[in-house]
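Pasting the sequence and the predicted coordinates here, then a few questions.
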Amino acid sequence: MKKKLFNYNCPTTKKGSTTGIINGCSDGIINLNNLSYRWAYNLWEMMLANTWFPKEVDLTEDARQYRKLLPSEKRLYDKVLSQLIFMDSIQTNNSVDNVNPWITAPEVNMCIVRQSYEEALHSQSYAVMVDSISMNTDEIYEMWRTDIELKSKNEFIGNVYEKYGQRAIDGDDEAKIYMVIANQCLEGIYFYSGFAGIYVLARAGKMMGSAQMIRFIQRDEVTHLLLFQNMINSLQKERPDLFTDKLKEEVYEMFKKAVELETSWGQYITQGQILGLTNDIVAQYIKYLADDRLSAVGFEKLYNVTNPIKWVDDFAKFNDQKTNFFEGTVTNYSKGSLTFDDDF
């Protein structure tokens, strides 16, 4: 059920902020000196450190380069933007409407609300990119209605949230697990063909400002992924009864479907015409990501493949005192650095 805003009947002063991440007894007060989930506060601090603003990214050169892109590159760019616009649009509402109401840990609620803010910020980023660069704004924003491949992918993602969201709010604990897993799939798989597409253009010296914007967005998505992975790991400790063999099989099916959809989408937007992203590379990369996300929450890998485009990681990273790929200057990003290896 939806949690209470405040509750006098939960004396949690000796046990932390709550008695559980779901169905816990929490007074609703955000007391950061009395935490049940230290990882959530660490993640909150990282989210604050990562604060950025879309209009600070210079897209002047991108606007000129866009007009000189090959037709296949321009098609890739436009379709990537359209897909990212859809996912961050629905995720802005999904996280606060379909997940936050039944999470009974105040410090985790903080992270979810911050996540929603960041998803809205990403929507602003895409608006800035479309307005500054593209010559077909309306087409990009309407593509989710007209492009059959995009529509199919989007409908599946949205329908999963619709299927489990209300059930979770109504108190179905199994649906809550599916919702958290579905969010892990979105944050950890469904964005990544698009990210790689923008990075491959940047690797060729094109659309560097756009790649910088995507770097900021991906850094946020990494924190969102860590948020849901830590929620899953916490739930496995607190409610092992929910992780039945049946549920685990359903989780694997969700991941297989995510791999199928994201592979199909990645191959569709590249059409074998983008240097560095062949159909085989796209397929292997998405399988690698799925394995990585599964192993992060204690599930066995499905595909056992390596990362075929490790150079993507170099474009995505904000490393301390290392040369900025895009500016050729040394910049200290220590305040906002984050990798998948960070211990939460």
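Perfect, I can see it now. Treat the numbers as computed from the prediction; the structure is a model and nothing was measured.

Need the three-state assignment for the nearest residue to residue 199 once chain neighbours are set aside.
Spatially, and ignoring its direct neighbours in sequence, residue 199 is nearest to residue 315 (4.4 Å; Cβ to Cβ, 6 or more residues apart in numbering). Bear in mind the C-beta positions are built from the backbone N, C-alpha and C, glycine included. Classification of residue 315 using DSSP: H, G, I helix; E, B strand; the rest coil returns helix.

Quick one: mean pLDDT over stretch 147-157.
Confidence for stretch 147-157, expressed as mean pLDDT, is 95.

same deal with stretch 303-322?
78.

surely the residue nearest to residue 199 meets residue 215?
Yes. Residue 315 lies in contact with residue 215 (Cβ atoms under 8 Å); the separation is 7.0 Å.

Poorly predicted segments of this protein, please.
12-14, 318-344 (pLDDT under 70).

any idea where the helices of it begin and end?
Secondary structure of the chain, counting by DSSP state H: helices at 38-49, 60-66, 71-94, 106-133, 137-146, 148-169, 173-185, 192-203, 208-238, 245-270, 279-296, 311-316.

With respect to residue 305, which of those helices lies nearest?
For the helices of the chain, the distance to residue 305 is smallest for helix 279-296, at 5.0 Å, taking Cβ to Cβ.

Report the buried residues of that closest one.
Within helix 279-296, the residues that count as buried by 16 or more other Cβ atoms under 10 Å are 281-291, 293-294, 296.

Please apply the same query to stretch 158-175.
160-161, 164-165, 167-169, 174-175.

Going by distance to residue 238, which of these wins?
residue 174 (14.6 Å).

what's the spacing between the closest one and residue 98?
15 Å (Cβ to Cβ, to the nearest Å).

do residue 122 as well
Distance, residue 122 to residue 98, using Cβ to Cβ: 18 Å.

now do residue 258
18 Å.

So for those two, which residue has more residues nearby?
Neighbour count, other Cβ atoms under 10 Å: between residue 258 and residue 98, residue 258 has more, with 26 against 23.
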